[in-house]
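Engineer: missing the sequence, but the structure's below:
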DNA sequence: CCCTTCACG
DNA sequence: ACGTACGTGAAGGGT
């Protein structure tokens, strides 16, 4: 804080985008990259660009990331430990999202940090009880597999059936050569495109994501559709059907109504078109993991009764029985007695991979450890 | 209470 | 010319 104030030459509230804007844009004369509804944006993307011309933006970014972790997680989570159970309990909301996902609140345990080293140290504080371990089981590239299934694109389906690294394969198809020979840079670009397709991105969005010009981004997208023509057909048909019916559906028939797709305001209609593309993919993944959770719960209940997992019945506080403790969209987290982990992993794998049959394999990655960071 | 920002999938 | 990748929840600022 003192360093930031010294560089700025003025004491101000770093947490106020308004005051920060006055320092960056008025006092220091740095360029305004983007506007918000109410003023000049100072978000991460903007500060990263400004960091090329002044030392202050990088300091503010560092401050922000530390403040976020401290204020949202470090200072709060310890106060939320229930004295009866010794655990932090969240609420899972079943009727909040538009796609069929769960959401988590009070506290949100679906956004615990993981992407930075310091973030992972916060995640380490979620631990298993003595004698138990945490098992994390997450669907591998589930949304791309679902898009392969929904679109039936031959190339995409074959790639998954051959068990290939899908981002490397996409890079090879787009930039030439063998999948084994793609550079890190090419794979990164292919990954951004694979994700972008699921979100209904345009050339502008991709150009921003990859720091390339819009013309080149447009060429990338066209090239993608040349290689995966079935995907383009599916996207077009899905939007067309949404316009006709006024809604889209997941594989299990969950509907999202999109009346705005008929809007004469083009940006409003295009927003609805992106929802029409993303919802069947994200929503089908939500259908799948919910079905898996039910199948796993039934199995755990059954094992509890027949003592395959637990030798004792009717314990009010189950000790030796595996517990499903969290769902994070494509991941399930279990707390399990050490000696029963192998059996649990085999059962969870089978249920998660087999609960909905797709035309491509469904793959689940499993990790285990004394804490959530280790298991993940 | 809304806005901006940023944590996650 | 315009706005521009999906879905969430929480914190702090400012009104």
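Structural biologist: Looks like it arrived, so ask away. These figures come from a predicted structure and were not determined experimentally.

Engineer: give me every residue in chain A lying close to DNA strand B.
Structural biologist: A:17, A:36-39, A:41-44, A:46-47, A:61, A:64-65, A:68-69, A:72, A:110-116, A:119, A:282, A:328-331 (C-beta under 7 Å from any atom of the strand). (Each C-beta comes from the backbone N, C-alpha and C, glycine too.)

Engineer: just these: which are in strands?
Structural biologist: Those of the residues of chain A next to DNA strand B mapping onto strands are residue A:331, per DSSP state E.

Engineer: out of the residues of chain A next to DNA strand B, which end up buried?
Structural biologist: A:17, A:41-42, A:46-47, A:61, A:64, A:69, A:72, A:110, A:112-113, A:119, A:282, A:328-331 (16 or more other C-beta atoms under 10 Å).

Engineer: quick check: closest non-adjacent residue to the closest residue to DNA strand C within chain A.
Structural biologist: Closest to DNA strand C within chain A is residue A:196: 2.1 Å, counting by C-beta to the nearest atom of the strand. Excluding its sequence neighbours, the residue lying closest to residue A:196 (C-beta to C-beta, 6 or more residues apart in numbering) is residue A:206, at 5.4 Å.

Engineer: show me where chain A has strands.
Structural biologist: A:91-93, A:103-105, A:132-139, A:247-249, A:255-257, A:323-327, A:331-337, A:364-369.

Engineer: make CSV out of those strands and add mean pLDDT and distance to DNA strand C.
Structural biologist: Output for those, formatted as CSV (pLDDT from 0 to 100; distance: least, C-beta to the nearest atom of the strand, whole Å):
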stretch, mean pLDDT, distance to DNA strand C
strand A:91-93, 97, 5
strand A:103-105, 97, 3
strand A:132-139, 98, 14
strand A:247-249, 98, 11
strand A:255-257, 98, 8
strand A:323-327, 98, 12
strand A:331-337, 98, 12
strand A:364-369, 98, 19
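
Engineer: turn those strands into a markdown table, including distance to residue A:216.
Structural biologist: What follows is the strands of chain A, written out as a markdown table (distance: least, C-beta to C-beta, whole Å):
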| stretch | distance to residue A:216 |
| --- | --- |
| strand A:91-93 | 41 |
| strand A:103-105 | 37 |
| strand A:132-139 | 32 |
| strand A:247-249 | 31 |
| strand A:255-257 | 33 |
| strand A:323-327 | 39 |
| strand A:331-337 | 35 |
| strand A:364-369 | 33 |
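
Engineer: and of the ones you listed, who's closest to residue A:31?
Structural biologist: strand A:103-105 (37.6 Å; C-beta to C-beta).

Engineer: centroid residue for chain A?
Structural biologist: residue A:329 (7.4 Å; C-alpha atoms, centre = their mean).

Engineer: quick one: pLDDT of the residue nearest to it when sequence neighbours are not counted?
Structural biologist: Counting by C-beta to C-beta, 6+ apart, residue A:101 is the residue found nearest to residue A:329 once chain neighbours are left out, at 6.1 Å. We have a pLDDT of 98 for residue A:101.

Engineer: ok, residue A:313 next?
Structural biologist: So, for residue A:313, pLDDT stands at 51.

Engineer: in chain A, spot the helix with the most residues.
Structural biologist: helix A:266-306 (DSSP state H).

Engineer: what ranges does the stretch 101-250 of chain A have for its helices?
Structural biologist: For the stretch 101-250 of chain A, the helices defined by DSSP state H, counting those that start in this stretch occupy A:117-123, A:142-151, A:154-161, A:166-175, A:184-199, A:203-210, A:214-227, A:229-245.

Engineer: so what's the nearest residue to residue A:255 once chain neighbours are set aside bridging to?
Structural biologist: Among residues not flanking residue A:255 along the chain, residue A:247 sits closest, at 4.8 Å (C-beta to C-beta, 6+ apart). With DSSP bridges applied, residue A:247 shows beta-bridge pairing to residue A:257.

Engineer: how much space is there between residue A:247 and residue A:170?
Structural biologist: According to C-beta to C-beta, to the nearest Å, residue A:247 and residue A:170 sit 30 Å apart.

Engineer: over to residue A:368?
Structural biologist: Applying C-beta to C-beta to residue A:368 and residue A:170 gives a distance of 31 Å.

Engineer: what does residue A:97 give?
Structural biologist: Distance from residue A:97 to residue A:170, by C-beta to C-beta: 28 Å.

Engineer: more crowded one of those two?
Structural biologist: residue A:170 (28 against 14; other C-beta atoms under 10 Å).
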